[in-house]
Every structure is written in structure tokens, then in C-alpha cells.
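> Compute the structure for the input listed below.
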Amino acid sequence: RAALEGEQRRLHALIAASSDLVTVVDAAGHITWASPSVAALLGRDESEVIGMDPHGLLLPDDLASMRDAIASIRAGTESGPLRVECRVRVGPADADEHWVELIVTDGTREPGIDGIIVTGHDITEQRRANAALAAREGELRELVEHVNGIFYRAELGAGPWTFVSPQITRVLGWTPEEWM
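Okay, here's the model as predicted:
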């Protein structure tokens with residue numbers, strides 16, 4: 001018994017230290033268990049989300065993604081989808097976008113779980129960085145395609161051409177594909 005209690009304390013400490021969200025959703029569609037990380041990720045205490053419909057934590061535009069993920073899990077068979085990933089925004093609609101990548105797993109056959117396990121982690125900064133990178137790439141592409149000159153990129157050490165700007169056609173009469 002003491003070993004079991006020690007293992008339970010250990011698991012609780014590990015879950016409490018995790019920044020990842022872990023919840024269990026029952027067959028009625030309500031959260032029956034939530035990890036302490038809901039406070040950091042959702043701005044709510046774990047006791048606040050117990051009994052909630054998890055869809056109430058999402059922004060309206062992302063409800064379909066979560067419903068589809070849960071429906072796929074519920075419709076899954078032994079050979080069907082038992083794990084689904086989706087990316088959704090959480091929190092109040094008037095707040096900054098807060099993106100979470102969720103993994104929805106069938107835990108209905110697991111003793112003591114008897115529900116759908118939803119784990120997630122914050123990907124807000126990753127999405128912001130990707131958007132900033134895409135914007136910079138667009139700006140660079142615009143510059144390269146409209147400057148009066150030819151830009152090219154080649155591998156160091158006599159490697160093949162990997163890029164030639166479209167101006168090569170106007171200046172030399174070759175298409176980029178022909179030049180490379």
C-alpha cells in the first residue's frame with residue numbers, strides 16, 4: 001500500500017510539474033479530470049473546468065476541429081483512428097489568440113480513465129514565429145523578383161544552382177529553369 005501511495009504521489013508531482021494540459025472527457029462530453037496546467041494554459045483552476053464541456057473553452061471558429069477530433073475517436077474501431085491531432089485557439093474571444101495543439105486519444109478502455117484523453121501544449125509562440133518568418137520570406141521574394149538585377153543561389157564549392165531570379169529572362173533571355 002505504501003508503495004502504491006508513493007507511486008501516486010510521484011505521478012501527481014510529475015503531472016503537476018508539466019506545462020502540458022491533460023484532461024479526461026466522459027461519454028456525456030464533460031471534463032471529469034484536469035491537470036494543474038490548465039491554470040497556466042487556460043487561465044482557469046482545474047476545479048473550474050471539471051464538469052465543463054471542453055468546447056466551451058475554444059474560440060467559436062475552432063469548435064468544428066475539436067468536434068471532428070472527438071467524433072473520430074468515438075467512431076474509431078480496433079483498426080480505426082484512436083488518436084487524432086488538432087490545433088485550436090482557446091480562451092475568451094476578446095483575448096489575444098492562444099493556440100494549443102491537442103492530441104485526442106481513446107481512453108475509454110483504460111481502467112480508471114473511462115473517457116477521452118485530451119492532452120495539449122501551447123503553440124502560440126511557434127505560430128507567431130512561423131507567421132513572422134513567412135512575412136519575411138514574402139518581403140524577400142518581392143525584393144528579389146522586382147530588383148533590377150539577377151539574384152542567384154548556389155551551393156558552396158561548385159554545387160548546383162538552387163535559385164535564379166526571374167529577371168534572368170529579361171536580362172539574358174533564359175528562363176530560370178533553363179539556366180539551372
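> what residue lies at the spatial centre of the chain?
In the chain, the C-alpha nearest the mean C-alpha coordinate belongs to E101, at 2.9 Å (CA atoms, centre = their mean).
> C-terminal to the helix or strand I70 falls within, what's the next element?
In this assignment (DSSP states H and E), I70 forms part of helix 63-75. Next in sequence after helix 63-75, counting helices and strands by DSSP H and E, comes strand 83-89.
> And the very next helix or strand once past that following strand, what does it pack against?
The helix or strand immediately downstream of strand 83-89 is strand 99-107, counting by DSSP H and E. Using 3 or more CB pairs under 8 Å, 6 or more residues apart in numbering; DSSP states H and E, the elements in contact with strand 99-107 are helix 63-75, strand 83-89, strand 115-122, helix 124-146. C-betas here are computed from N, CA, C, even on glycine.
> Can I get the ones you listed in CSV including distance to A39, mean pLDDT and mean neighbour count?
As requested, those are exported to CSV (distance: least, CB to CB, whole Å; pLDDT from 0 to 100; neighbours: other CB atoms under 10 Å):
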stretch, distance to A39, mean pLDDT, mean neighbour count
helix 63-75, 20, 83, 16
strand 83-89, 18, 88, 17
strand 115-122, 13, 91, 20
helix 124-146, 16, 90, 11
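> got a markdown table for these, with distance to S47 too?
Listed next are the helices and strands packed on strand 99-107 as a markdown table, based on distance: least, CB to CB, whole Å:
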| stretch | distance to S47 |
| --- | --- |
| helix 63-75 | 22 |
| strand 83-89 | 23 |
| strand 115-122 | 17 |
| helix 124-146 | 25 |
